[in-house]
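> Build me a model:
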Amino acid sequence: KKKKKKKKNPIKKKQEIKPKQQKFQKKQEIKPKQQKNQEIKSKRLVEATSSAIYVGNIPPSHRVTIKSVFEEYGTVRNIQFLGFKQSGSKGLVAVVTYTNSTDATEATRLDGKEIEGYKLHVHAIKESLTNRYSIHVNDIPPQATKESLIEAFKVFGPVSNAVIPDQPMNKKRFAFIDFENIDGLTRALDSSDFMVHRVPVKISQSKRAQLLSAANFR
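Below is the predicted model:
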């Protein structure tokens with residue numbers, strides 16, 4: 001009897017290994033409901049800015065008493081001191097919030113007022129679209145620059161501006177990124193494990209980030 005020849009298994013062709021796409025290069029699909037919720041949130045934050053003012057170059061010795069200066073123009077609901085100083089100044093930076101927008105507008109008259117040799121820098125919080133679509137980026141690496149941040153965050157959408165506030169006393173650097181539209185903002189907030197110069201950064205959107213977006217440092 002003739003032995004049956006075993007059929008050789010056809011050699012499977014090795015699949016071509018496609019180069020891995022960059023994790024954030026492919027834009028995520030944004031759901032209508034998700035976008036609507038983000039628009040509502042952004043609208044509320046912009047409305048909140050109408051009763052708030054930006055105050056720079058506050059004398060360090062007046063951290064506690066500065067409230068009385070601004071109460072001359074109305075009821076101050078809150079004063080939020082920030083974790084950095086204004087570039088080129090030893091003065092403190094804060095956001096002063098009034099109970100209404102009229103008082104906040106009147107308080108901008110304090111711009112240029114001198115206290116113990118410090119001239120206050122007071123102006124209304126800008127309510128531009130870039131303000132609405134801002135994010136706060138924490139733990140950025142030392143080598144990060146305005147240009148490199150704009151380039152890095154372009155993967156989410158068009159970026160209108162980026163600012164790294166002067167932080168001489170703070171080892172952890174942070175920045176504000178302004179997107180041109182809500183799509184870029186939503187994609188950035190939905191991302192995870194995003195890196196700048198191969199260093200993981202933390203992305204968030206908060207009232208503080210909205211009030212102090214890059215638009216207010218121009």
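
> Can you read off the pLDDT for Ile203?
What the model reports for Ile203 is a pLDDT of 91.

> didn't it look like it was pressed against Ser191?
Yes. Judged on Cβ atoms under 8 Å, Ile203 makes contact with Ser191 at a distance of 6.5 Å. C-beta coordinates here come from the backbone N, C-alpha and C atoms, glycine included.

> Who has more neighbours out of the two?
Legend: neighbour count by other Cβ atoms under 10 Å for Ile203 and Ser191, higher for Ile203 (19 against 16).

> Give me the distance between that one and Ile150.
Applying Cβ to Cβ, to the nearest Å, the value for Ile203 to Ile150 is 15 Å.

> what do you get for Ala104?
31 Å.

> How about Gly112?
Gly112 sits 33 Å away from Ile150, going by Cβ to Cβ.

> Which one's more surrounded, those two?
Legend: neighbour count by other Cβ under 10 Å for Gly112 and Ile150, higher for Ile150 (16 against 9).

> Check the burial of Ser192 by counting its neighbours.
A count of nearby residues for Ser192, using other Cβ under 10 Å, gives 8.

> Oh, that last question was meant for Lys113, not what I typed.
The local packing of Lys113 (other Cβ under 10 Å) involves 12 other residues.

> thought it was touching Lys119?
Yes. At 7.2 Å, Lys113 counts as touching Lys119 under the criterion of Cβ under 8 Å.

> and Val137, what is it in contact with?
Neighbouring residues of Val137 by Cβ atoms under 8 Å, 6 or more residues apart in numbering: 149, 174-177, 196, 201-203.

> nope, Leu92 is what I was after
With contact set as Cβ under 8 Å, 6+ apart, Leu92 has these partners: 57-60, 63, 81-82, 85.

> Pick out whichever of those residues sits closest to Gly157.
Leu82 (26.7 Å; Cβ to Cβ).

> Distance of the closest one relative to Asp193?
As judged by Cβ to Cβ, Leu82 and Asp193 stand 27 Å apart.

> ditto for Thr75
Computed as Cβ to Cβ, the Thr75 to Asp193 distance reads 44 Å.

> Spell out the residue ranges of the strands in the chain.
52-58, 76-85, 92-98, 114-115, 118-119, 121-124, 134-140, 159-163, 173-179, 195-196, 199-200, 202-204 (DSSP state E).

> Let me have those strands in JSON lines, extended by distance to Ser68.
Below are the strands of the chain laid out as JSON lines (distance: least, Cβ to Cβ, whole Å):
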{"stretch": "strand 52-58", "distance to Ser68": "13"}
{"stretch": "strand 76-85", "distance to Ser68": "9"}
{"stretch": "strand 92-98", "distance to Ser68": "12"}
{"stretch": "strand 114-115", "distance to Ser68": "11"}
{"stretch": "strand 118-119", "distance to Ser68": "16"}
{"stretch": "strand 121-124", "distance to Ser68": "15"}
{"stretch": "strand 134-140", "distance to Ser68": "30"}
{"stretch": "strand 159-163", "distance to Ser68": "31"}
{"stretch": "strand 173-179", "distance to Ser68": "30"}
{"stretch": "strand 195-196", "distance to Ser68": "42"}
{"stretch": "strand 199-200", "distance to Ser68": "43"}
{"stretch": "strand 202-204", "distance to Ser68": "33"}
